[in-house]
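Colleague: build me a model from this:
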Amino acid sequence: MAEILKLLVKLMAKIHNAIARYCNVSFGGISDKWLHFLIIGLLGMVMIAFIYPLFKELAKKNLIMTISWIYVFTLLVVITFGIEIGQKITNTGNMEFRDIAAGLAGFLSMFAIMLLIWGTVILIKRIIKNHNTD
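Modeller: So this is what the prediction gives:
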C-alpha cells in the first residue's frame with residue numbers, strides 16, 4: 001500500500017510541477033496557492049458538469065438510494081484512505097490496501113443485507129396490500 005501511495009504521490013508531483021512550469025512560463029509566475037485554487041476549482045467544475053446531470057436523471061427516476069449509495073461510498077473511500085494514511089504517519093498501524101478493501105467490503109456486505117431486508121419488507125407490504133384488496 002505504501003508503495004502504491006508513493007507512486008501516486010510521485011505522479012501527482014510530476015503533474016503538479018508540469019502545470020506549475022507551464023503556468024509560470026505562460027502567466028509570468030503564479031503562487032502555488034493560486035495554482036491550487038485554479039486547478040481544484042476547474043476540476044470541481046468539470047466533475048459537477050458530469051455528476052449533476054447523472055444525479056438529476058437518477059432523481060427523476062426516483063433512484064435516491066442510488067444517489068445516496070454513490071455519495072456514501074465516495075465518502076467511505078476518502079475516510080478509509082485517510083485512516084490508513086493516518087496510521088502510516090502516526091505509526092499506529094500498518095498502512096495496507098487490504099484494510100481499505102476490507103472496510104469497503106464491510107459496507108458493501110452490510111448494504112446488501114439492508115437491501116435484502118428492505119426488499120423483503122416491501123414485498124410483504126405488497127402481499128398484504130394485494131390480499132386486502134381482494
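Colleague: please compute how far the helix or strand bottoming out on mean pLDDT in the chain lies from its chain's middle.
Modeller: Lowest mean confidence among the helices and strands of the chain (mean pLDDT, DSSP states H and E): helix 2-27, at a mean of 79. Distance, stretch centre to chain centre, for helix 2-27: 22 Å (Cα atoms, centre = their mean, to the nearest Å).
Colleague: ditto for stretch 20-35
Modeller: Centroid separation for stretch 20-35 versus its chain: 29 Å, with Cα atoms, centre = their mean.
Colleague: list the buried residues of that stretch.
Modeller: Buried residues in stretch 20-35, defined by neighbour count with 16 or more other Cβ atoms under 10 Å: 20, 23, 35. (Each C-beta comes from the backbone N, C-alpha and C, glycine too.)
Colleague: what residues does the first one make contact with?
Modeller: Just to be clear, that refers to Ala20. For Ala20, the contact set (Cβ atoms under 8 Å, 6 or more residues apart in numbering) comprises 32, 35.
Colleague: quick one: the helices in this protein, in order.
Modeller: Per DSSP state H, the chain carries helices over the ranges 2-27, 32-60, 64-90, 97-133.
Colleague: relative to the whole chain's centre, how far out is the last one?
Modeller: Read it as helix 97-133. Using Cα atoms, centre = their mean, the offset of helix 97-133 from its chain centre is 21 Å.
Colleague: give me every residue that touches His10.
Modeller: Quick fix: residue 10 is Lys, not His. Lys10 neighbours (Cβ under 8 Å, 6+ apart): none.
Colleague: about what we covered before: next, the angle from the least confident helix or strand of the chain to helix 32-60.
Modeller: 110 degrees (axes from the mean of the first three to the mean of the last three Cα atoms, to 10 degrees).
Colleague: Ala39 - how many residues pack around it?
Modeller: In this structure residue 39 is Ile, not Ala. If you count neighbours by other Cβ atoms under 10 Å, Ile39 ends up with 15.
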